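Colleague: Pasting the sequence and the predicted coordinates here, then a few questions.
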2 protein chains.
Amino acid sequence: VLSPQPILYSYFRSSCSWRVRIALALKNIDYEIVAINLIKDGGQQLAIIEYLEETRPTPRLLPQDPKKRAQVRMISDLLASGIQPLQNLSVLNQVGKENQLTWAQRVIAPGFNALEQILQSTAGKYCMGDEVSMADLCLVPQVANAERYKVDLSPYPTISRINKSLLALEAFQVSHPSRQPDTPPELRA
Amino acid sequence: VLSPQPILYSYFRSSCSWRVRIALALKNIDYEIVAINLIKDGGQQLAIIEYLEETRPTPRLLPQDPKKRAQVRMISDLLASGIQPLQNLSVLNQVGKENQLTWAQRVIAPGFNALEQILQSTAGKYCMGDEVSMADLCLVPQVANAERYKVDLSPYPTISRINKSLLALEAFQVSHPSRQPDTPPELRA
């Protein structure tokens, strides 16, 4: 169903692009990147991930059990709808330069509080048990944003532990913002 | 898979609750409402809708064709992640009373501009062809928010037309904020 060489319109720093890059890497799909500097953020890229899951089911990014699938989607939505849009570039531009850090911290912290609690009942090695899922694709880019906005991560030991395990995986490394064709030299890994 | 009488923790005015109420009505599922006045907004409730779709597939809220499914999810995410979180209650509280209307208009308009264009290639009677889909569940509550914040809807004839058709359907009426157990008397239909 996918055309032989899909094109991803990507921005190295966008957490939405990053999520999709991880999915493509996990599913071992070759693709072309067309870098776009003007980012139109939002959680929209979850639609791409669900599409990939349906057309390239292996390895799966959603568990088979409907309740577990719902939990993975809940965590994904908490990150991609409940947190990320509130601290994306267009919102931060609107709140003004001097308020950006405070604003970002104030929207990320309550989301991470909720997430830390949810993970206590769902997590194994990763967000949902020991299998990498869509929730993990959403977690890593959001933790990177939190670090960028200097959110204190010490109240979130589970989030931090899972993030570290995920960053050790190849798919999360090749898709990292520091290794993209449009990454500026000073931000390269 | 669903327990015999599911409970929906709902707030009459929350667009996230409303989306789920429409899905439950369309799928003809009886449920109990537990009203919560403190709302924790965000797009999270899409996880419930996907769960309902998987456990109660009829009538379907996602088309069968993977590309069309992706388009329905894209529209849903544009509404539920790209627009709604930017104008939810907690964000509006942070921007301050005197700025709320301007803020809400400024975040809704660009989203509706994008949506109006997308709908020109996907819409029939509803957002995706002539079948009610998850995208429609997201559209109606967001148009209601736009009206509440006095967004000028004249640049969006397709959005307005679809919204009107949907509001004529029973499932969208019984789930309407004006007809919920926790609707205050002065806001009742």
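Modeller: That came through, no problem. The shown structure was predicted, so the numbers you read here are calculated from the model rather than taken from an experiment. Numbers count the residues shown, from 1 in each chain, chains lettered A, B, ... in the order given.
Colleague: Okay, helices next: where are they in chain A?
Modeller: Residue ranges of the helices in chain A, as given by DSSP state H, are A:15-26, A:46-55, A:66-77, A:89-95, A:100-122, A:134-148, A:157-167, A:170-174.
Colleague: I'd like these laid out as a markdown table, including mean pLDDT.
Modeller: Shown next, in a markdown table, are these (pLDDT from 0 to 100):
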| stretch | mean pLDDT |
| --- | --- |
| helix A:15-26 | 85 |
| helix A:46-55 | 89 |
| helix A:66-77 | 93 |
| helix A:89-95 | 85 |
| helix A:100-122 | 94 |
| helix A:134-148 | 94 |
| helix A:157-167 | 97 |
| helix A:170-174 | 92 |
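Colleague: Output those helices in CSV, with mean neighbour count and distance to chain B appended to each entry.
Modeller: Bear in mind the C-beta positions are built from the backbone N, C-alpha and C, glycine included. Converted to CSV, those look like this (neighbours: other Cβ atoms under 10 Å in any protein chain shown; distance: least, Cβ to the nearest Cβ, whole Å):
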stretch, mean neighbour count, distance to chain B
helix A:15-26, 25, 9
helix A:46-55, 21, 4
helix A:66-77, 22, 4
helix A:89-95, 16, 6
helix A:100-122, 17, 7
helix A:134-148, 24, 10
helix A:157-167, 17, 17
helix A:170-174, 16, 21
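Colleague: mind checking which of the ones you listed is nearest B:Leu24?
Modeller: Relative to B:Leu24, the nearest member of the helices of chain A by Cβ to Cβ is helix A:66-77, separated by 14.7 Å.
Colleague: neighbouring contacts of that closest one?
Modeller: Residues from elsewhere that reach helix A:66-77 (Cβ atoms under 8 Å, 6 or more residues apart in numbering or on different chains): A:43, A:46, A:62-63, A:115, A:118-119, A:122, A:127-129, A:133-135, A:137-139, B:1, B:42-48, B:50-51, B:54-55, B:80-81.
Colleague: can I get the helices of chain A in a markdown table with distance to B:Ala35?
Modeller: Output for the helices of chain A, formatted as a markdown table (distance: least, Cβ to Cβ, whole Å):
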| stretch | distance to B:Ala35 |
| --- | --- |
| helix A:15-26 | 34 |
| helix A:46-55 | 29 |
| helix A:66-77 | 21 |
| helix A:89-95 | 30 |
| helix A:100-122 | 20 |
| helix A:134-148 | 29 |
| helix A:157-167 | 31 |
| helix A:170-174 | 41 |
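Colleague: nearest to B:Ser175, of the ones you listed?
Modeller: helix A:66-77 (19.9 Å).
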